[in-house]
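Undergrad: any chance you could fold what I've pasted below:
(chains A, B, C and D)
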Number of protein chains: 2
Amino acid sequence: MSAAQQVGIRQLRYFVAVMQHGSFRAAADAVHISQPPLTRQVQQLEEVIGVRLLERGARGVTATPAGQAFFEDATNILQLIDSAATRARRTGMGQLGRLDVGVFGSTVLNTIPRIMKAFRELYPEVEVVLHNMDRETQVRALRDRRIAIGINRFFDDEPGLHCEALYSERLFAVFPANHRLAERHTMRFRDLANEPLIMYPRVSRPTGFTYELMKIFHDRGINPNIVQQVDGVVTAVALVSSGIGTSFAVDSARTLQLPGIRYVPFDPTENVRFELSIIWREEDDSALTRSFLQVARDCDKGILEPT
Amino acid sequence: MSAAQQVGIRQLRYFVAVMQHGSFRAAADAVHISQPPLTRQVQQLEEVIGVRLLERGARGVTATPAGQAFFEDATNILQLIDSAATRARRTGMGQLGRLDVGVFGSTVLNTIPRIMKAFRELYPEVEVVLHNMDRETQVRALRDRRIAIGINRFFDDEPGLHCEALYSERLFAVFPANHRLAERHTMRFRDLANEPLIMYPRVSRPTGFTYELMKIFHDRGINPNIVQQVDGVVTAVALVSSGIGTSFAVDSARTLQLPGIRYVPFDPTENVRFELSIIWREEDDSALTRSFLQVARDCDKGILEPT
DNA sequence: GCTCATTGATACCTTTTCCGTATGGCGAGG
DNA sequence: CCTCGCCATACGGAAAAGGTATCAATGAGC
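TA: Sure thing, here's the model as predicted:
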């Protein structure tokens, strides 16, 4: 039978009071009870622990070595209980804790840093952990509760999960600086019919950035000339920079500035926009998740068409 | 009115039991009471703290984020109460105390035994318990009061903790006996530019022995040829002994004598020294801790440059 | 050295808290 | 739709904690 099963917090508080005031009587006043019950509680504490903690004298009490040792621990424990309660309270209010967020691709270049910055200012004591994972992994991780938030493009409707578009972005063509189209002000897809194209990410399932782009070309009766597939926007832009071909990027990816790179927007009449969405569990009513969603919404409220 | 005045230990124990068993019913059996009182105790706990800790479902309970946070603290507190009682008991008996010390790596080879010996002569009745733990674990354990003293290299400034350098040591290169440099009297880092090197401990964070050594090489424009990373000085020296390559050791690690091992000091003009530091809680006014610190200081006072 | 004031311990009763049995409500699974 | 399992509520009894009165012990002051 461990001692924790019999030691009570009142006993700890009373003992600490006696130590701090040097006498039972003064301690009794301090904790607002009369002196006899206080005496009994300390006696019981000593009995449970099995060692004498105080030496009683006519002019007050003095601590035994055991009492001194126990006093240090007891004050510490009382403090810990207090701070544990505070921590739990603050965690419940979403001011404290840890939030796991799944991110992917070009979102880490611009959107995520902006949201992170805004969130940290409001909730500096919340640890936000970013996990790079693709869309399917994000959905699975949400279901498994390994993450609370996912940020990506093109979420299908998923049962049990709630999805919301944060904002939509224009599409840009990415050219090497010496390309004949690099100085154009707007692009049309037709212009790229015979250009060597670099696509990403590697197509696996019929979803994603590559798939959406392919559909756009096919809708317009164009058979795109794909010369290279890479795994992400960074690699793609790097290849463009070395002159291998042309690629695509959304607005927020333009943060990426490599030498000899030109971003040319598509003509608005082409009517292609890519939405960035945020996804979370419907039944997740954690204050942290809600706060993060709100910050993400507010953060991108004004961001519509940066040039 | 602080929470510690209303939270009871029974409530903590009951809550922990519910968390561990995943349901009120199972927990009620575990703590040998019936289910209704257990329900009420947890309700009262939630009321006092002011935050919902558990989500009740038809198939058991799940923790809210606040509940998860509080669970960690609660288990810790219960353990502390237990160990506080034990400590007081043992302090009351002849063992006038117990001192937990966190140590790491090569300190156990020479420094620690020397301090232990000196301390035991002065305080034979004190039980000194050594815990092998790395630097971050030491800092956490100090905060949690699971240890009172930490001994390690390269402590950063930590709030609430006080750190003091015990002494600094020279660095040695460790060669197999048949190595062409093994009979040199002093080394320079340049001499090791192309040697196969064995480093330790495995680099995880940008601190520690490996990191410091790498910095020294890079400062001198040398790209070290690391052929192997191991977890400690003992393994490293063992590998040197088997002829795989060259490694490093501080002065006190030379206690380690394996067959076919040569220690060659670095030239003083290289100006590399490694400090061994001792760390403790600032507000720790326990006589035991103070005594140990004093012994550690005195013990290494004369030890400056053993050859 | 005696008295007296002060402190902690004991006895006894009251109040509060806590536990147990019985029962109700609610959601999951057949 | 019904049953089963789980949690919540209600109420009576047991146990623990607190209050008042009083005693024993010890040191201060005369």
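Undergrad: show me which residues of chain A are close to DNA strand D?
TA: For chain A, the residues in contact with DNA strand D (C-beta under 7 Å from any atom of the strand) are A:8, A:10-11, A:32-38, A:41, A:44, A:57-59. Quick note: C-beta positions are derived from backbone N, CA and C, even for glycine.
Undergrad: in helices only, show me the residues you listed.
TA: A:10, A:11, A:35, A:36, A:37, A:38, A:41, A:44 (DSSP state H).
Undergrad: what's the neighbour count on the second one?
TA: Residue neighbour count, defined by other C-beta atoms under 10 Å in any protein chain shown, stands at 22 for residue A:11.
Undergrad: residue contacts, the residue nearest to it when sequence neighbours are not counted?
TA: Closest residue to residue A:11 apart from its sequence neighbours, by C-beta to C-beta, 6 or more residues apart in numbering or on different chains: residue A:45 at 4.2 Å. For residue A:45, the contacting residues are A:7, A:11, A:12, A:14, A:15, A:53, by C-beta atoms under 8 Å, 6 or more residues apart in numbering or on different chains.
Undergrad: quick one: residues contacting whichever residue of the stretch 151-300 of chain A sits closest to chain B.
TA: Residue nearest to chain B within the stretch 151-300 of chain A (C-beta to the nearest C-beta): residue A:286, separated by 5.5 Å. The neighbours of residue A:286, taking C-beta under 8 Å, 6+ apart as the test, are A:94, A:148, B:64, B:65.
Undergrad: of all these, which comes closest to residue B:281?
TA: residue B:65 (29.5 Å; C-beta to C-beta).
Undergrad: surely residue A:197 and residue A:239 touch.
TA: No: using C-beta atoms under 8 Å, residue A:197 makes no contact with residue A:239, being 10.7 Å away.
Undergrad: what do those two both touch?
TA: Listed as contacting both residue A:197 and residue A:239 by C-beta under 8 Å, 6+ apart are A:228, A:245, A:247.
Undergrad: most neighbours among the residues you listed, please name it.
TA: Scoring those on neighbours with other C-beta under 10 Å, the highest-scoring entry is residue A:247 at 27 neighbours.
Undergrad: what about the residue of the stretch 51-200 of chain A found nearest DNA strand D, distance to chain B?
TA: Closest contact between the stretch 51-200 of chain A and DNA strand D, by C-beta to the nearest atom of the strand, is at residue A:58 (3.4 Å). Distance from residue A:58 to chain B, counting by C-beta to the nearest C-beta, to the nearest Å: 23 Å.
Undergrad: next one: phi and psi at that residue?
TA: The phi and psi values for residue A:58, taken as degrees, to the nearest 10, are phi -70, psi -20.
Undergrad: give me the pLDDT for it.
TA: Residue A:58 carries a pLDDT value of 76.
Undergrad: measure it to residue A:42 for me?
TA: Distance, residue A:58 to residue A:42, by C-beta to C-beta, to the nearest Å: 17 Å.
Undergrad: more neighbours, these two?
TA: Legend: neighbour count by other C-beta under 10 Å for residue A:58 and residue A:42, higher for residue A:42 (23 against 4).
Undergrad: isn't that one right next to residue A:13, touching?
TA: No: using C-beta under 8 Å as the test, residue A:42 is too far from residue A:13 to be in contact (10.8 Å).
Undergrad: residue contacts, residue A:262?
TA: A:174, A:175, A:176, A:177, A:179, A:182, A:183.
Undergrad: quick one: average pLDDT of the helix or strand harbouring residue A:28?
TA: Assessed by DSSP states H and E, residue A:28 sits inside helix A:24-31. Across helix A:24-31, the average pLDDT comes to 88.
Undergrad: any residue of it up close to chain B?
TA: No: Helix A:24-31 stays clear of chain B (C-beta under 8 Å from any C-beta of the partner chain), getting no nearer than 9.0 Å.
Undergrad: check which helices and strands that helix sits against.
TA: Packing partners of helix A:24-31 (3 or more C-beta pairs under 8 Å, 6 or more residues apart in numbering or on different chains; DSSP states H and E): helix A:9-21, helix A:35-49.
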